[in-house]
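K.L.:
Need coordinates for the below:
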Amino acid sequence: MGEGATVTTCHHMTRELHIHTRKADAVFVAVGKPNLITGDMLKPGAAVIDVGINSVTLQDGTNTIVGDADFDSCLETAGWISSATG
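P.N.:
Reported below is the predicted structural model:
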């Protein structure tokens, strides 16, 4: 806050989430909804910190862990991205 940051908090009632995320230099996501944030929702070069851990079943019946951000699509736009699984 010493550098003059403006913090915006979004929640389940926030409309048009992409409008807020496209303005952000850093997006912290901890929702519990797999792949909620996609690359087209980000400002180019933004940092994405994905705290979400979600177990999803793949088409072949196996389970995997994914974050709240769609890692592959966000990787194309983000300047830096954390992996939800470590």
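K.L.:
For the rest of this, base every contact and every neighbour count on C-alpha atoms.
P.N.:
OK.
K.L.:
okay, which residue is most central for the chain?
P.N.:
The centroid of the chain falls nearest to A69 when counting by CA atoms, centre = their mean (3.5 Å).
K.L.:
List the contacts of it.
P.N.:
A69 is in contact with V29, P34, N35, L36, I37, T38, D50, G52, counting by CA atoms under 8 Å, 6 or more residues apart in numbering.
K.L.:
ok, what's across the strand from it?
P.N.:
I37 (DSSP bridges).
K.L.:
now swap in A47 and tell me
P.N.:
A26, W80.
K.L.:
Make sure it is actually in contact with A26.
P.N.:
Yes. In this structure A47 lies within contact range of A26 using CA atoms under 8 Å: 4.6 Å.
K.L.:
nearest to S73, of the contacts of A69?
P.N.:
T38 (5.8 Å; CA to CA).
K.L.:
Measure how buried that closest one is and give me the count.
P.N.:
Counted by other CA atoms under 10 Å, the residues lying close to T38 total 19.
K.L.:
What values do phi and psi take at it?
P.N.:
phi -120, psi 160 (degrees, to the nearest 10).
K.L.:
and H20, which of the three is it?
P.N.:
helix (DSSP: H, G, I helix; E, B strand; the rest coil).
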